[in-house]
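Q: Starting from these lines, generate the structure:
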Amino acid sequence: MLTNPRYDGQPLLRLLDVYVLWAIGELSQESEDGLKRMAPKLQSIYGGDGQWHDAIAQSMHMPEGMPAAIRDMWARNLKIARDNDVTLTPQKFAEMFVDENFVG
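A: You can find the predicted model right below:
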């Protein structure tokens, strides 16, 4: 996983960003593999069904349909960006989504 000052002292913030990337199908295989290895520890901390993304969802009390809602918002935001000749990267969307929906 990349080093980014955004995540200094905020490991859950990084996990939320990768959760969004996972939900929109933009998580790298390398990151997915690392998160699968972390799943037992994440489950012991946050709960869930043993999958890393379920532990994150449990930690934030996300509704069951959250991945689909994130995908819908991604599609809408991509269209808005294209209509305005703006590039919206998956990472930027993830950060915007997390900042707007999960960060105080």
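Q: Give me the neighbour count for Asn84.
A: The number of residues packed around Asn84, counting by other CB atoms under 10 Å, is 8. All C-beta spots, glycine's among them, are computed from the backbone N, C-alpha and C.
Q: Just the pLDDT for it.
A: At Asn84 the predicted local confidence, pLDDT, stands at 97.
Q: Check Thr3 too.
A: At Thr3, the predicted lDDT confidence score is 68.
Q: now swap in Asp49 and tell me
A: At Asp49 the predicted local distance difference test score is 88.
Q: nearest residue to Leu15 other than its sequence neighbours?
A: Taking CB to CB, 6 or more residues apart in numbering, and ignoring the residues beside it in sequence, Leu15 has Ile56 as its nearest neighbour in space, at 5.2 Å.
Q: OK, contacts around Tyr46?
A: Shown here is Tyr46, whose contacts under the criterion CB atoms under 8 Å, 6 or more residues apart in numbering are Ala55, Ile56, Gln58, Ser59.
Q: Which positions within stretch 81-88 qualify as buried?
A: Within stretch 81-88, the residues that qualify as buried are Leu88, counting by 16 or more other CB atoms under 10 Å.
Q: repeat for stretch 43-55
A: With the criterion 16+ other CB under 10 Å, stretch 43-55 contains buried residues Gln43, Tyr46, Gly48, Trp52, His53, Asp54, Ala55.
Q: Which members of those residues are positioned in helices?
A: When DSSP state H defines the helices, the subset of the buried residues of stretch 43-55 inside them is Gln43, Tyr46, Trp52, His53, Asp54, Ala55.
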